[in-house]
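A.B. asks: Just to be clear, the model below is a prediction. Sequence and coordinates:
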Amino acid sequence: MPENDGPSPLLDQFKRGDVPRELREQAALGALALRPADQLTLLSWLSDDKDAGVAQVAEQTLTRLAPAATLAALARPGVGEAARAFFAARGLEADGAAGAEAESPLLPEHADAADEPAEREKGPTELSMLPVVEKMKYAIKGTREQRGTLIRDSNKMVAMAVLGSPKLTITEVEAFARMGNVAEDVLRIIGATRAYLKSYAVIAALAKNPKTPVGLALTLIPRLVERDIKMLSVDRNVSEGVRISARKFLQTGAARRR
């Protein structure tokens, strides 16, 4: 993920509790190929899942974690204090900076299969026929082309998995921000991620995208250069509210320069 040590957008879905049991169970098994830091956070939540079966699976997975990789992952900035406290209570407490093992597989049985999805080429048609869990694996560990397909998937969990992929580049995010056939939630998350908004191309793409929620687009207008604001003020593809706001911003700017 480009310069982003924060938690994966996928974790927000689990935190809100709107994830089907099947997916929670797969996550509890460690089968979603998440970044180690995200996986530790998720396991700490799932060990107290409302479904006793899911909680039991998570507990079993916790006993199989590789200690060195776990300690290294816990040192990553993306791990919250609650998750660190959870593992500290179990005798695993990070005491330094994350090392090279921070991205090592947490489960020994995954060590030889970490990049398995990326090694199996599947095109858009094949991807569309996969179960949701398999789509999520490709979203996280697959190729750039596969991420470009899966970001448009009708299942929100799959799209969130793409945004949580450690392989995701800022160039891909810029392309997603321009897409008119992605869910509004995708654009909203891009616009709420500080690391992505370091790119002017992302800001401009979101502001100009008719699919971007109006409230988000309005916050981006002041960050555009004057040329782009002028274009936005007459762009019939965006909402009237965005055009009016762009015109007002131009008028205010002209008044300030007098």
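C.D. replies: Yep, that arrived. Because the structure is predicted, anything quoted here is derived from the model rather than measured. Numbering: from 1, shown residues only.

A.B. asks: hang on, residue 202 packs against residue 194?
C.D. replies: No: with contact defined as CB atoms under 8 Å, residue 202 does not reach residue 194; the gap is 11.0 Å. To be clear about C-beta, it is placed using only N, CA and C from the backbone, and glycine gets the same treatment.

A.B. asks: Look at residue 102 and report its pLDDT.
C.D. replies: For residue 102, the pLDDT comes out at 52.

A.B. asks: re earlier: compare residue 202 and residue 194 (neighbour count), which wins?
C.D. replies: Remark: of residue 202 and residue 194, residue 202 carries more neighbours, 25 against 9, as counted by other CB atoms under 10 Å.

A.B. asks: Test for you: state the pLDDT assigned to the more buried one.
C.D. replies: For residue 202, pLDDT reads 97.

A.B. asks: From residue 168, how far out is residue 174?
C.D. replies: Applying CB to CB, to the nearest Å, the value for residue 174 to residue 168 is 11 Å.

A.B. asks: Kindly report the same for residue 74.
C.D. replies: 23 Å.

A.B. asks: ok, now residue 9?
C.D. replies: Distance, residue 9 to residue 168, by CB to CB: 11 Å.

A.B. asks: What of residue 248?
C.D. replies: Per CB to CB, residue 248 is found 35 Å from residue 168.

A.B. asks: The two: which has the busier surroundings?
C.D. replies: More neighbours surround residue 168 than the other of residue 248 and residue 168, with 21 against 12 (other CB under 10 Å).

A.B. asks: Just to check, that one is in contact with residue 159?
C.D. replies: No: counting by CB under 8 Å, residue 168 stays clear of residue 159, with 11.9 Å between them.

A.B. asks: Measure how buried the closest residue to residue 79 other than its chain neighbours is and give me the count.
C.D. replies: Nearest non-adjacent residue to residue 79, counting by CB to CB, 6 or more residues apart in numbering: residue 37, 4.9 Å away. By other CB under 10 Å, the residues close to residue 37 number 28.

A.B. asks: In this structure residue 37 contacts residue 78, no?
C.D. replies: Yes: between residue 37 and residue 78 there is a contact at 4.1 Å, judged by CB under 8 Å.

A.B. asks: Quick one: residues contacting residue 30.
C.D. replies: 39, 43, 61, 106-107, 110 (CB atoms under 8 Å, 6 or more residues apart in numbering).

A.B. asks: just residue 136 next, same as before
C.D. replies: 10, 23, 32-33, 157-158, 161.

A.B. asks: How about residue 127?
C.D. replies: Counted by CB under 8 Å, 6+ apart, residue 127 has contacts 135, 138, 146, 149-150.

A.B. asks: Please apply the same query to residue 162.
C.D. replies: The contact partners of residue 162, by CB under 8 Å, 6+ apart, come to 139-140, 147, 150-151, 168.

A.B. asks: tell me which of these is nearest to residue 83?
C.D. replies: Proximity of the contacts of residue 162 to residue 83 was ranked by CB to CB; the top entry is residue 140 with 19.1 Å.

A.B. asks: other SSEs contacting the longest helix seen in the chain?
C.D. replies: Longest among the helix segments of the chain by residue count, using DSSP state H, is helix 240-257. Using 3 or more CB pairs under 8 Å, 6 or more residues apart in numbering; DSSP states H and E, the elements in contact with helix 240-257 are helix 214-220, helix 226-233.

A.B. asks: which stretch among the ones you listed comes nearest residue 207?
C.D. replies: Ranking the helices and strands packed on helix 240-257 by proximity to residue 207 (CB to CB) places helix 214-220 first, at 4.3 Å.

A.B. asks: So for that closest one, what gets flagged as buried?
C.D. replies: By neighbour count on 16 or more other CB atoms under 10 Å, the buried set for helix 214-220 is 216-218, 220.
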